[in-house]
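> Have a look at this prediction, sequence included:
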Amino acid sequence: MAAVRILILLILLELKETEPVIHSLRYFYSASSGLPDVPSYMSAGFLDDVQISYCDSRNNRNIPKQDWMNNVSSDNPHYWEEETLTCLAKQETLKENIEIAKLRLNQTGGVHVYQHMYGCDWDNETGEVKGYDQIGYDGEDFIALDLNTSLWIAAKPEAVLTKHKWDKNKYALQYEKFYFLKVCVEWLKKYERSGRRFLMKTVLPSVFLLQKTFSSPVSCLATGFYPNKAEIFWRKGEKQIHKGVETGEILPNNDGTFQMSAHIDLSSVGPEDWSKYECVFQLSGVNSIIHRLEKTRILTNKSNTNILIIPVVVAVTVLGLIAVIGFIVYKKKMNAKRPPSPVVYCQPPEETQFLPHA
């Protein structure tokens, strides 16, 4: 009987490992001016929404954010030293870009942010790969690359000049397509192999019912879960409730897990009917976690219980403030030992910079 149970367990584990998943590798960069309390340059890498690297203008080092990312340096012992050199070079490039952008837009003072996000997605079942390269300025879309047409799309009139300049650089466009559809996904797979044990784990959350004051909405908070394929909602009986409900986004915690919450306004519901409502949390591959709304389980500002809500990672705070992003450097020659972040030894073509003049 025990052997049968072990066999069933192995089959279930095999099914889980072969379950189709879309993996993602994303890099975020930002340069800012007028924000004295924020590093003027920041960069962060994410694999499947789990932060794997970080660098800024204060620490001047690119560092791993997961222990298993140190395995990457087994093939290249100088991996993180090279990444630090890239960080230092990127700082100078982005600082120049934001100053040129300010000249282009006739800006002299105030708070300004230059943003860049690029990366790729890989479907491990179909093999489909998607790449993206997006640039923003002051929290708004500025210009993005359409890999299908190999042309840049201007999101604002001020970006049209940049579009025309970058569209003329056929070498850079060809490399972009090769980079995002081949090089990026190869490193995505390498990172995924290094962190597979971590990425395949399942962690159940702690769920809390919270309320600031008696008249405030009731929040259902699920924190500490993994992976991020989850859903949270309120229901009455077996019917999901949408009216008066606000669901927050899934946010990462600083330990690699995630948190999310759903708020419900019960101002028009009598206290005697509160117990008819339930908060439901669903994690991929796991039975639902259900919490009935009972007043004795609600924690308020007056509660004696101290709840530690794991803080969101620094990179996400940055995303909320300035959407961490940067400026990509195109390679003139491929180096198979380099990761899918911009190399430091190549000079970017002039067309890839914000120029003050046409």
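Received it, and whenever you're ready, just let me know what you need.
> in stretch 67-77, what's buried?
Buried residues in stretch 67-77, counted by 16 or more other C-beta atoms under 10 Å: Trp68, Met69, Val72. The C-beta positions use only the backbone N, C-alpha and C, and glycine is treated the same way.
> Identify, from those residues, the entry nearest to Arg58.
Distance to Arg58 across the buried residues of stretch 67-77 (C-beta to C-beta) is lowest for Met69, with 20.8 Å.
> what's that closest one sitting at in phi/psi?
phi -70, psi -20 (degrees, to the nearest 10).
> shouldn't it be in contact with Arg193?
No - if you go by C-beta atoms under 8 Å, Met69 and Arg193 don't touch, sitting 11.8 Å apart.
> pLDDT weak spots in this protein?
1-20, 302-358 (pLDDT under 70).
> how's it carved up into domains?
21-198+317-352, 202-312 (automatic domain parsing).
> among these, which is the most enclosed?
domain 21-198+317-352 (a mean of 18; mean count of other C-beta atoms under 10 Å).
> Quick check: the gap between Asn59 and Tyr191.
22 Å (C-beta to C-beta, to the nearest Å).
> give me phi/psi at the spatially most central residue of the chain?
By C-alpha atoms, centre = their mean, the chain has its centre lying nearest to Asp49, at 4.6 Å. Note on Asp49: its backbone torsions stand at phi 70, psi 10 [degrees, to the nearest 10].
> Test my guess that it contacts Ser24.
Yes - Asp49 lies in contact with Ser24 (C-beta under 8 Å); the separation is 7.2 Å.
> my read is Thr223 is in a helix, agree?
No - checked against DSSP: H, G, I helix; E, B strand; the rest coil, Thr223 lies outside a helix; its state is strand.
> Show me what the closest residue to it other than its chain neighbours is bridged to.
Distances taken as C-beta to C-beta, 6 or more residues apart in numbering put Gln259 closest to Thr223, at 3.8 Å, once the chain neighbours are dropped. Legend: beta-bridge partners of Gln259 under DSSP bridges are Thr223, Leu251.
> ok, now Leu299?
Here Leu299, judged by DSSP bridges, has bridge partners Leu210.
> try Ile232
Counting by DSSP bridges, the residues bridging with Ile232 are Phe281.
> ok, now how distant is it from Val111?
From Ile232 to Val111 the distance is 34 Å (C-beta to C-beta).
> swap in Val72?
36 Å.
> what about the strands in the stretch 101-250 of the chain?
112-123, 129-137, 140-146, 151-154, 206-211, 218-225, 230-236, 239-240, 245-247 (DSSP state E, counting those that start in this stretch).
> Off-centre distance for the shortest one?
Think strand 239-240. 30 Å (C-alpha atoms, centre = their mean, to the nearest Å).
> Residues touching that strand, excluding its own?
Strand 239-240 is contacted by residues Phe233, Trp234 when judged by C-beta atoms under 8 Å, 6 or more residues apart in numbering.
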